[in-house]
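Enquirer: Got a sequence here, can you model it:
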Amino acid sequence: MQLGRLSRELRDAFGDSDVRRRVQTFDSWIDRASPRAASAGGYDHAETVMDYYDLCSALMVWGWSESLHFAPLRPNESLEESQVRHQRLMFSRLELQRGMAVVDVGCGIGGPMRRCAGEAGVHVVGINNSVIQLEKARRLTAEAGLDHMIDYEVCDFMDMTNIADDTFDRGYAIESTCHAPDKQRAFEEIFRVLKPGALFWGQEMCLTDAFDPNDHRHQAIKRDLMRGIALNDIATFGEVDRALEAAGFSVIEGADRDIQQGPSTPWYQPMDGRHGTLGKALRRLPLGRKAFFAGMKAAQALRLFPKGSAEVVRLLDRTADAYVAGGRAGVFTPLYCFLARKPL
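Expert: Model prediction:
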């Protein structure tokens, strides 16, 4: 993405809003979500998640890729190559067949969705409550010539009442249900729209078995991650599995995909050290992020970028630091992947 295009996309996303105020409001969401404050002000976590992605999506694509998710990394691959390999693993586990109806729960801007439709020959419906993300997904899908294979539903995956029971042959949720205020309810709604016998793949952000709730440093890392990524809580592997089973699914497999056989690279490495092609790798590294923030402040002063853009860059920089801290400490992974089935 060129800088001119990034500027246009940020202007479209921000509109006439006070971006600095929106970033400040986002930063305070944990305090506003506390039981006492939420009961007084009617806090809605779905709105926090939507604002996070509306503010950050264009910059995420700029610094990461069109697939806004993590993947198990190999030393000889770029981030994008690892993402493609990981998505193809998902297609294989889901046993996709041409003509199937598939739901992408929390589709973002649709990177995996386009590959799923294009390579597997399936019809995909993307679920998202961010109109800004869906507009970009539609544009990219049309450019890829896949708009006849993909449809969209503007709704929260906690309430997909526009979709009938037993609609889809397969489903997947990549780093989306980790935002659910109630994981079991989210899985129950996904269970409802899947056909009996359907397979469901998920990728969750989780606390690992190394997390010690009595360790103050671990708790600080968890809070920084929750705050920076708009996670209402961070589940353990076992809590994810139990929520799936309580929703009615049979869990077939579940594993932290960051743990690989043979040579591998830690999932957080792109934000901590060079991984992949030099151009995009620099945008992800700590010094590159700091330099981009300084450059954005200057460009903002010259009105080349909308006011508040630098504040969003700083928000994403802090979030990247939280990811790296969680990964280095071994207490957090964004790669807990499961396969489950809705019983016949």
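Enquirer: Excluding residues flanking it in the chain, which one is nearest the most centrally placed residue in the chain?
Expert: Taking CA atoms, centre = their mean, the centroid of the chain lies closest to residue 175, which sits 4.1 Å from it. Counting by CB to CB, 6 or more residues apart in numbering, residue 69 is the residue found nearest to residue 175 once chain neighbours are left out, at 4.9 Å. Every residue, glycine included, has its C-beta placed from N, CA and C.
Enquirer: quick one: the strands in the stretch 151-300 of the chain?
Expert: 168-174, 194-207, 235-236, 250-256 (DSSP state E, counting those that start in this stretch).
Enquirer: for the ones you listed, which one ends up most surrounded?
Expert: Of all the strands of the stretch 151-300 of the chain, strand 168-174 has the most neighbours on average by mean count of other CB atoms under 10 Å, namely a mean of 25.
Enquirer: what's it packed up against?
Expert: Strand 168-174 is packed against helix 79-94, strand 101-105, helix 111-120, helix 183-193, strand 194-207, with contacts defined by 3 or more CB pairs under 8 Å, 6 or more residues apart in numbering; DSSP states H and E.
Enquirer: can you tell which of those is closest to residue 310?
Expert: Comparing those by their distance to residue 310 (CB to CB), the top pick is helix 79-94, with 24.5 Å.
Enquirer: what packs against that closest one?
Expert: helix 111-120, strand 168-174, strand 194-207, strand 332-341.
Enquirer: contact partners of that helix?
Expert: 64-65, 67, 69, 71-74, 77, 102, 111-112, 115-116, 119-120, 170, 172, 174, 199, 201, 253, 257, 270, 275-276, 280, 337, 339 (CB atoms under 8 Å, 6 or more residues apart in numbering).
Enquirer: cutoff 7 Å now
Expert: Contacting residues not belonging to helix 79-94 are listed as 65, 67, 69, 71-74, 112, 115-116, 119-120, 170, 172, 199, 201, 270, 275-276, 339 [CB atoms under 7 Å, 6 or more residues apart in numbering].
Enquirer: Now the buried members of the residues you listed.
Expert: Buried subset of these (neighbour count, 16 or more other CB atoms under 10 Å): 65, 67, 69, 71-74, 112, 115-116, 120, 170, 172, 199, 201, 270, 275-276, 339.
Enquirer: rewinding a little: residue 15 is nearest to which of the helices and strands packed on strand 168-174?
Expert: helix 111-120 (24.5 Å).
Enquirer: Dump that closest one to PDB, keeping only the CA atoms.
Expert: In PDB, the C-alpha atoms belonging to helix 111-120 read as follows (Å, rounded to 0.1, in the frame of the first residue of the first chain):
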ATOM      1  CA  GLY A 111      -7.700 -12.000   3.200                       C
ATOM      2  CA  PRO A 112      -8.300 -15.600   4.200                       C
ATOM      3  CA  MET A 113     -11.900 -15.400   2.800                       C
ATOM      4  CA  ARG A 114     -10.600 -14.600  -0.700                       C
ATOM      5  CA  ARG A 115      -8.100 -17.400  -0.700                       C
ATOM      6  CA  CYS A 116     -10.700 -19.800   0.600                       C
ATOM      7  CA  ALA A 117     -13.200 -19.000  -2.200                       C
ATOM      8  CA  GLY A 118     -10.500 -18.800  -4.900                       C
ATOM      9  CA  GLU A 119      -8.600 -22.000  -4.000                       C
ATOM     10  CA  ALA A 120     -11.300 -24.200  -2.600                       C
END
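Enquirer: what's the spacing between residue 167 and residue 222?
Expert: Look at residue 167 and residue 222: by CB to CB, to the nearest Å, they are 36 Å apart.
Enquirer: Which one's more surrounded, the two?
Expert: Taking neighbours as other CB atoms under 10 Å, residue 167 and residue 222 compare with residue 222 leading, 21 against 16.
Enquirer: Contact partners for the more buried one?
Expert: Shown in contact with residue 222 (CB under 7 Å, 6+ apart): 207, 234.
Enquirer: Residue 27: which of the strands of the stretch 151-300 of the chain is closest?
Expert: Among the strands of the stretch 151-300 of the chain, the nearest to residue 27 by CB to CB is strand 194-207 (19.4 Å).
Enquirer: Which other helices and strands does that closest one contact?
Expert: Other elements packing on strand 194-207 under the criterion 3 or more CB pairs under 7 Å, 6 or more residues apart in numbering; DSSP states H and E are helix 79-94, strand 168-174, strand 235-236, helix 237-247, strand 332-341.
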